[in-house]
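Trainee: Okay, here's the prediction I keep looking at, along with the sequence it came from:
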Amino acid sequence: MSSEIHLRADMQPIVQALITKGRDATMGQLDQLLPKREFSSTEIEDILAALSEHGIRITE
């Protein structure tokens with residue numbers, strides 16, 4: 001992942017799992033995988049950027 005993208009430790013395994021699967025996902029699927037807590041807009045942008053950087057698209 002890019003050094004400019006800073007993911008919280010609890011998000012890294014989820015993002016890495018999606019990257020490893022190498023497939024696109026929906027926002028609903030991403031929501032189910034992420035820990036149940038509030039995320040800031042910056043954290044969400046970082047998650048989406050990390051996935052995009054690896055060719056993973058998140059759709060509605």
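Mentor: Thanks, I have it. Numbering: from 1, shown residues only.

Trainee: which element is the spatially most central residue of the chain on?
Mentor: Nearest to the mean C-alpha position of the chain, counting by CA atoms, centre = their mean, stands Ile47 at 3.4 Å. With elements delineated by DSSP states H and E, Ile47 resides in helix 41-53, which encompasses its position.

Trainee: can you list contacts of that helix?
Mentor: With CB atoms under 8 Å, 6 or more residues apart in numbering as the contact definition, helix 41-53 has outside contacts at 1-2, 5-8, 11, 15, 18-19, 25, 30, 34, 39, 57-58. No exception for glycine: its C-beta is placed from N, CA and C like everyone else's.

Trainee: Can I get the buried part of those as one ChimeraX selection?
Mentor: When burial is assessed using 16 or more other CB atoms under 10 Å, the buried subset of those is captured in ChimeraX by this command:
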select :1,5,7,11,15,18,19,25,30,34,58
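
Trainee: OK, contacts around the residue lying closest to Asp10 once chain neighbours are set aside?
Mentor: Across the structure, with CB to CB, 6 or more residues apart in numbering as the measure, the residue nearest Asp10 apart from its sequence neighbours is Pro35 (5.2 Å). Pro35 makes contacts with 10-11, 14, as judged by CB under 8 Å, 6+ apart.
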